[in-house]
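Colleague: Sequence and predicted structure, then a few things I'm wondering about:
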Amino acid sequence: MTAAPPTTLRRNPRDREMITPEGIALPITLASRGGRAGALMLDFMIIGFLQFATTVALLFMAGGTITGLMDGEQASGPAMSALEFLAVVWIIAMFLFRNAYFLFFELGPRGATPGKRLTGMRVASRDGGRLTVEMVIARNLLRDVELFLPLVFVSMAGAGEGGAAGIAAVAWFLIFAFFPFFNKDRLRAGDIIAGSWVVETPRRKLEAVLSGTPGSSAAAAAAPAPAHRFDFGERELSVYGEYELQTLERVLRDNRPEAMRAVYETICGKIGWTPGSGDERAFLDAFYTQLRARLESGMRMGRRKADKYTPGP
Amino acid sequence: MTAPTDTRAIEAAALRSDRFRLEREGDWQRLDAIVTRMENGRLRKLSDEDVLALPVLYRTVASSLSIARETSLDAATLGYLEALVQRAWFVVYGPRSSLGSWLRGFLGGNWSAAVRAIWLDILIALAVMVAGATVGWLLVASDPEWYGVIVPGQFMDARQPGASAEVLRGTLSGADGARGLSAFAAFLFSNNAKVAIMAFALGFAFGVPSLMLLVQNTAGLGAMLWLYHDAGLLLDFAAWLSIHGTTELLAILLAGGAGLHIGRAMAFPGNKTVLEAAAIAGRRAAMVMAGVVLMLVVAALLEGFGRQLIADTMGRLTVGGFMLALWLAYFLALGRDRQEGGKTR
């Protein structure tokens, strides 16, 4: 069973469609390149902070053992092995922070590092299947070549050695940094190898029902009942389509008086009514409900009217 | 499944699609709450009931979405449902295997199966490494000036062409006490892991840089072999090298093979698209690479401790040979019955 294409008001060039195993087409939005760069910066800042804190803590401990070494010379054996142990801890910790940080977080239930999470994105499998451990390993091993390696070369070149190597390293770095600009799904080299991509995590609240009296709008309930019910005929309702309906829905949900006033006047002009004043909300509520009822009953019959330009029944 | 929201509210809703929504939104909200808790990592706070309900709720809400798309024009509700189904999909089909269970399957045969699956690339990498060592040897044999070019600077201390056999023998003895060995081992691991990851990741450029890296590293090896051969110490040098070298060279060979595998898959994708081929090869190669990192830990421990503590040639050769046999047995024998990449999907 394939469902109708996802309904969205605006089409975004970053929108993609993913088919779940149940056969439902889900709209997903790829993360923006700027957002991903920002997430990477955040992650680097976190990693940098962790490395710095670990280094300081270990240095502090090492300082303690060294002063102990100064005081009692007979304790030099154990103190030396303590220092050595601290060095081992430091080297392994630095390696883990650099390589295991991304692995650990992307394998968690959120599929995202803290940086990605703060910027509202996550890693997903491109083929709609499960995100596997191998994918996460593959996409993060490539990070070494994309980022760390050329940075090391650049810093070496900065120290005065090898102009050509430095230029090559910069070119290398730029090629990988701009990789997401050269393919349509904004894949980084690591994503290509792993078969993954980075998507935005949606987060939406369920909004109130607009049609019907209860909970439709507090304002309408509080206001005195309108003097007359609005009833629209076939001719008035056939003017608009789904796009206009959803625009109207947004205006009603935003509930801003001046916007409603403008929409009210536009609609009145279009259907040839003389705009009054004072009960725009009630008018728009009624128009929305009746237009939606009309369009939805058309939908059930298999007739859809996309917007006001579509010639409709 | 859920208490009807409020029968009066459902009846009062003017539109059929809104009644549809009000009847079902209890299920939606419940799924929302479960997914939110799981996303926040509070798995333990979930009741068993909720965990069992998750897949059912997911399908219910997914079918609500399909129906709503055909019958409702409420953009906010559709948007909410799409977002909810997507979030639930991530949870239901998210990374499932814990690192522990993955590791068990990995060591229990998935790794050796992945290594066997890229045998052709490993053979090519092996040929390249042998060729690199031969070239290094021949170059230095023809003109010792090459030595300074080929061998990396860190080994240039006493190991110069023309150094006496005594000096060279001194570099092999290595037993200046056990002090500092664990730090040395940790450093070696971190360094070698970088080289191996590079050999793998460079495969991305159609495997050419991986091969160049292999040639560069083994040419230095060939040059040093020649140096010790010239001083009549070839066997001692081989023993000195073999104690960790069998593990380490094997790991670098696998890393190069893994990189080459990706490069080859991208250059000759066959019937698949380049992206598909790269993704399949990449996952298989990543499996091999996880093992390579593990092998490098072993190699660093052998290099840091074993080589300095075991000083005689025969002992070193025995340990090196034993490790080589162990790895080969592991790769060739284990998990034969297992399908390559055999995980539960």
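Modeller: Nice, thanks for sending it over.
Colleague: Spatially nearest residue to the single nearest residue of the stretch 201-345 of chain B relative to chain A (excluding sequence neighbours)?
Modeller: For the stretch 201-345 of chain B and chain A, the shortest gap (CB to the nearest CB) falls at B:A279, measuring 2.8 Å. (Each C-beta comes from the backbone N, C-alpha and C, glycine too.) Nearest residue to B:A279 in three dimensions, chain neighbours excluded: A:G195, at 2.8 Å (CB to CB, 6 or more residues apart in numbering or on different chains).
Colleague: distance of that neighbour from B:S210?
Modeller: Distance, A:G195 to B:S210, by CB to CB, to the nearest Å: 20 Å.
Colleague: Which of the two has more residues huddled nearby?
Modeller: The neighbour comparison of A:G195 against B:S210 (other CB atoms under 10 Å in any protein chain shown) goes to B:S210, with 29 against 25.
Colleague: Report whether the expected contact of the more buried one with B:I197 is present.
Modeller: No - using CB atoms under 8 Å, B:S210 makes no contact with B:I197, being 11.3 Å away.
Colleague: Now do the SS call for A:P13.
Modeller: Under DSSP: H, G, I helix; E, B strand; the rest coil, the three-state class of A:P13 is coil.
Colleague: Look at it and say how many residues are nearby.
Modeller: Using other CB under 10 Å, A:P13 has 8 neighbouring residues.
Colleague: buried ones in the helix or strand encompassing A:E84?
Modeller: Using DSSP states H and E, A:E84 sits in helix A:76-106. For helix A:76-106, the neighbour count (16 or more other CB atoms under 10 Å in any protein chain shown) marks A:79, A:82-84, A:86-91, A:93-95, A:97-99, A:101-103, A:105-106 as buried.
Colleague: which of those residues come close to chain B?
Modeller: Among the buried residues of helix A:76-106, proximity to chain B is found for A:E84, A:A87, A:V88, A:I91, A:M94, A:F95, A:N99, A:E106 (CB under 8 Å from any CB of the partner chain).
Colleague: Can you point out the helix or strand that includes the nearest residue to the last one once chain neighbours are set aside?
Modeller: Spelled out, that is A:E106. Nearest residue to A:E106 in three dimensions, chain neighbours excluded: A:V136, at 4.8 Å (CB to CB, 6+ apart). In the assignment (DSSP H and E), A:V136 maps to helix A:133-143.
Colleague: rewinding a little: wait, isn't the residue of the stretch 201-345 of chain B closest to chain A in contact with A:W197?
Modeller: No - checked against CB under 8 Å, the pair B:A279 and A:W197 is beyond contact range at 10.5 Å.
Colleague: pretty sure A:L131 contacts A:I137?
Modeller: No - using CB under 8 Å, A:L131 is not in contact with A:I137; the gap is 11.4 Å.
Colleague: Quick check: phi and psi on B:A201?
Modeller: Backbone torsions for B:A201, taken as degrees, to the nearest 10, come to phi -70, psi -30.
Colleague: Mind naming the longest helix for the chain?
Modeller: The chain I'm using is chain A. Longest helix in chain A, counting residues (DSSP state H): helix A:33-71.
Colleague: meant chain B, my bad for not saying
Modeller: Per DSSP H, chain B has its longest helix at helix B:234-267.
Colleague: okay, the angle between it and helix A:133-143?
Modeller: 110 degrees (axes from the mean of the first three to the mean of the last three CA atoms, to 10 degrees).
Colleague: helices and strands around helix B:234-267, which ones?
Modeller: For helix B:234-267, the elements it packs on are helix B:119-142, helix B:165-173, helix B:181-201, helix B:208-230, helix B:274-301, helix B:307-309, helix B:313-333, judged by 3 or more CB pairs under 8 Å, 6 or more residues apart in numbering or on different chains; DSSP states H and E.
Colleague: Of all the residues in that helix, which ones are buried?
Modeller: Result for helix B:234-267 [16+ other CB under 10 Å]: buried residues B:236-266.
Colleague: between it and helix B:208-230, how big is the angle?
Modeller: Here the directions of helix B:234-267 and helix B:208-230 differ by 170 degrees (the same axes, to 10 degrees).
Colleague: distance between helix B:234-267 and the chain's centre?
Modeller: Distance of helix B:234-267 from its chain centroid, counting by CA atoms, centre = their mean, to the nearest Å, is 15 Å.
Colleague: Alongside chain A, which residues does the stretch 201-345 of chain B contribute?
Modeller: Counting by CB under 8 Å from any CB, the stretch 201-345 of chain B sits next to chain A at B:201-202, B:204, B:262, B:275-276, B:278-287, B:289-290, B:343, B:345.
Colleague: Now with 7 Å, please.
Modeller: B:201-202, B:204, B:262, B:275, B:278-279, B:282-283, B:285-287, B:289-290 (CB under 7 Å from any CB of the partner chain).
Colleague: The residue of chain A found nearest chain B: what's it in contact with?
Modeller: Closest to chain B within chain A is A:G195: 2.8 Å, counting by CB to the nearest CB. Contacts for A:G195 were tallied using CB atoms under 7 Å, 6 or more residues apart in numbering or on different chains; they are A:S125, A:R126, A:D127, A:M135, B:A279, B:G282, B:R283.
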